[in-house]
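Novice: no FASTA, just this:
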Ligand code: 5GP
């Protein structure tokens, strides 16, 4: 059976990664969303075990000590990490895994697994990003400013990604990501090994 691939969706807070990912999953059972653990408190409407595993700092440290994370990083005062086990199990089942993570985490995963595909989602403009972060209303103004300055730092790394998608139009962004995923599954080297024995 074909093994799944890991796709990292990185990019600034507020750029719309969550919305893009929700749309990407519509009608797709061959995809697996990696639910991260975080010490950030839940936002209204967020569900434990679905959006994140909401855990305490003590629990987070315990997961680190158990080597349970594929990567973990601090982002604007909170800790976030990707549980390793579920990612590997999903790929073994043949599902493609989507990681919604920030850039430090993306670097850690890439260092361990150079075959992962890194997609950076950029906003159409900084003004638009600020508007989205402010109107979302989930963070206080100080946190919004911290997230914005962090966004500019993250963007400096975008040129080193495998793909850069601009979230100007949601449908188009999702379509581009679907195209990237399809193309990655047509890479000759891997595909040859998959099909050659049966031909
Ligand atoms: P938020 O607090 O807005 O949900 O997430 C803040 C940032 O943390 C986002 O850029 C999000 O992609 C990132 N993030 C979410 N989960 C993880 C994770 O498991 N690891 C890392 N490194 N970043 C994450």
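Specialist: That came in fine, so what should we check first? What you see is a predicted model; the values in this text were computed from it and never measured.
Novice: ranges for the strands of the protein?
Specialist: Secondary structure of the chain by DSSP state E: the strands cover 6-10, 31-33, 36-38, 52-54, 69-75, 78-83, 96-100, 117-122, 163-166.
Novice: just how off-centre is the first one within its chain?
Specialist: Relative to its chain's centre, strand 6-10 lies at 5 Å (Cα atoms, centre = their mean, to the nearest Å).
Novice: if I pick the closest residue to the ligand within the chain, what's in contact with it?
Specialist: Relative to the ligand, the nearest point of the chain is residue 105 (2.3 Å; Cβ to the nearest ligand atom). Every residue, glycine included, has its C-beta placed from N, CA and C. Contact analysis of residue 105 by Cβ atoms under 8 Å, 6 or more residues apart in numbering lists 10, 71, 72, 73, 80, 81, 82, 99.
Novice: let's see it at 10 Å
Specialist: Going by Cβ atoms under 10 Å, 6 or more residues apart in numbering, residue 105 touches 8, 10, 36, 69-73, 75, 80-82, 99.
Novice: who does the residue positioned nearest the centre of the chain bridge with?
Specialist: Most central in the chain under Cα atoms, centre = their mean is residue 100, positioned 1.7 Å from the mean C-alpha point. Beta bridges link residue 100 to residue 9 when assigned by DSSP bridges.
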